[in-house]
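Chemist: After the sequence you'll find the predicted model.
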Amino acid sequence: MSRIGNTPIAVPDGVEIDVVGSELTVKGPKGSLSHTVPESISVSLDDGTLTVTRANDERQSKALHGLTRSLINNMVVGVNVGFRKDLEIVGVGYRANAQGPSKLELALGFSHPVTVEAPDGVTFDVPEPTKIGVVGIDKQVVGQVAAEIRAHRKPEPYKGKGVRYVGERVLRKAGKAGK
């Protein structure tokens, strides 16, 4: 029995949900998101709560039940509050520079600056040269953009230099043993 899939989703004030066939659209103060619900899953809206149910107990339906509920919940939270991933840059001379809300220029120790363009619905926030915030309403896109920024220079294990998530622990290795 799916514990996640059976949990109802509370719809906050200011969030509008439209279910037309298998297409679900969520509109809120921050924007609008849509999702195609699989055939074996049904979504119903009753008195400000959204309920996700499955048609049968097949393995595929059980797997999609919890997934669909999580995706819809992320959509509701995203259009109401939004999502944010924070990154920090560690290293001498490593820094970030915002070129407007949707363009980021990174100095990561290469011979050239690395330019990152934000997809639609994602903006960058650079409060200081070593801190980057990726902000948007789609949780998957925000996480993907943050992962792509981190992939330009992952934290290395000897000195810990690179781009990392805030709070990420980097396992450090001992260097060469001297005589």
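Modeler: Looks like it came in fine.
Chemist: Out of the helices and strands in this protein, which is least certain?
Modeler: The helix or strand of the chain with the lowest confidence, counting by mean pLDDT, DSSP states H and E, is helix 3-6 at a mean of 88.
Chemist: What pairs with whichever helix or strand comes after that one, parallel or antiparallel?
Modeler: Using DSSP states H and E, the helix or strand that follows helix 3-6 in sequence is strand 9-10. The pairing partners recorded for strand 9-10 under DSSP bridges are strand 49-54 (antiparallel).
Chemist: Mean confidence (pLDDT) on the partner strand, please.
Modeler: The average pLDDT within strand 49-54 is 93.
Chemist: ok so, going back, the least confident helix or strand of the chain: which residues count as buried?
Modeler: Neighbour-count burial for helix 3-6 flags Gly5 (criterion: 16 or more other C-beta atoms under 10 Å). Using the backbone N, CA and C atoms, a C-beta is placed for each residue, glycine as well.
Chemist: Identify the single longest strand in this protein, thanks.
Modeler: Looking across the chain with DSSP state E, the single longest strand is strand 83-90.
Chemist: can you give me the mean pLDDT across that one?
Modeler: Taken as a whole, strand 83-90 has an average pLDDT of 96.
Chemist: Going forward, count from 488.
Modeler: In the new numbering, first residue 488, that becomes strand 570-577.
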